[in-house]
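**Student:** Give me the fold of what follows.
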Amino acid sequence: MTRHPHQHHATRAAQNLTHSRHHLDTAVTREAAERRAEARITAAASAIQAWRPIPGPTGKGGHGDPASRAAVGTLEPEVRDGRLARLAASTTATLTWLAGRLHLQAAGDPLDALTRAVPSLRPATSRELARWLDEADQHIRQALHLDPPGQPIPGVRCPRCARRQLQAHTTGPRPSWTVTCVPECVCIGPDCPCGMAQPTAGVPHIWGPDHPLADAATRGRIDP
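**Tutor:** Numbers count the residues shown, from 1 in each chain. Purely as a prediction, here's the structure:
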């Protein structure tokens, strides 16, 4: 079944977000380890404070409360979520909300459910979903200082604007691969020379995995 350009954009956005969330998960694990190490240093300093000599005549040169020192030394310190952990949680909450709005069964990762649902969504719904997913992806990439999604395809001209600025989106499985031009290169409708399967006025150009342009571009077989 031929997909609508809005559905291709939703798939592209979902795969890009899957990629950036993977990086975010790694960063959250690293952040948690760093925060746990800092908390342990603070707890160790508290243990030393509890064991220090008590000044004054009642202390008689003794040490602090051994029970308090033992408690501080054996309990794992509390570690609160850091900035990246909160970003991950809020992103997942947004995806869960989106899956709920679309009445999807999201027992696992809600992004997986959203990705699977794209082929059955109406074009207008796919357009709105792509906007939500693109925004979430952008927030993560900004937080982690990641490169923008997509890989340049050197020497390949866009059939609409003739610029050599096409991008291949190939982070997901082969059936989800797409090729896009710059965002301002939009389709003008049925008379557009873009060659999209369903030319749609106002949609930024995108070619799916079955289109000759996308197939040749991702394999590097288009002559400049």
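
**Student:** so for stretch 184-194, what's the average pLDDT?
**Tutor:** Stretch 184-194 shows a mean pLDDT of 96.

**Student:** Contacts for that stretch next, please.
**Tutor:** With CB atoms under 8 Å, 6 or more residues apart in numbering as the test, stretch 184-194 has contacts from 5, 158-161, 163, 196, 199-205. For glycine as for every other residue, the C-beta is placed from the backbone atoms N, C-alpha and C.

**Student:** Closest one of those to Ala89?
**Tutor:** Closest approach between the contacts of stretch 184-194 and Ala89, by CB to CB: Pro204, at 30.6 Å.

**Student:** gap between the closest one and Met196?
**Tutor:** 11 Å (CB to CB, to the nearest Å).

**Student:** Counting neighbours, go ahead and name the busier of the two.
**Tutor:** Comparing Pro204 with Met196 by neighbour count (other CB atoms under 10 Å), the higher total belongs to Met196, at 21 against 15.

**Student:** quick one, phi psi at Ala214?
**Tutor:** Here is the backbone geometry of Ala214 (degrees, to the nearest 10): phi -70, psi -40.

**Student:** So what's the residue count around it?
**Tutor:** The burial count for Ala214: 23, using other CB under 10 Å.

**Student:** From what I see, it and Cys181 are in contact.
**Tutor:** No. Using CB atoms under 8 Å, Ala214 makes no contact with Cys181, being 11.7 Å away.

**Student:** what do those two both touch?
**Tutor:** Overlap of the contact sets of Ala214 and Cys181 (by CB under 8 Å, 6+ apart) is empty.

**Student:** Can you lay out the contacts of stretch 184-194 as JSON lines showing distance to Ala89 and secondary structure?
**Tutor:** Output for these, formatted as JSON lines (distance: CB to CB, whole Å; DSSP: H, G, I helix; E, B strand; the rest coil):
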{"residue": "Pro5", "distance to Ala89": "32", "secondary structure": "helix"}
{"residue": "Cys158", "distance to Ala89": "39", "secondary structure": "coil"}
{"residue": "Pro159", "distance to Ala89": "42", "secondary structure": "coil"}
{"residue": "Arg160", "distance to Ala89": "40", "secondary structure": "coil"}
{"residue": "Cys161", "distance to Ala89": "40", "secondary structure": "coil"}
{"residue": "Arg163", "distance to Ala89": "40", "secondary structure": "coil"}
{"residue": "Met196", "distance to Ala89": "37", "secondary structure": "coil"}
{"residue": "Pro199", "distance to Ala89": "40", "secondary structure": "coil"}
{"residue": "Thr200", "distance to Ala89": "36", "secondary structure": "coil"}
{"residue": "Ala201", "distance to Ala89": "39", "secondary structure": "coil"}
{"residue": "Gly202", "distance to Ala89": "35", "secondary structure": "coil"}
{"residue": "Val203", "distance to Ala89": "33", "secondary structure": "coil"}
{"residue": "Pro204", "distance to Ala89": "31", "secondary structure": "strand"}
{"residue": "His205", "distance to Ala89": "35", "secondary structure": "coil"}
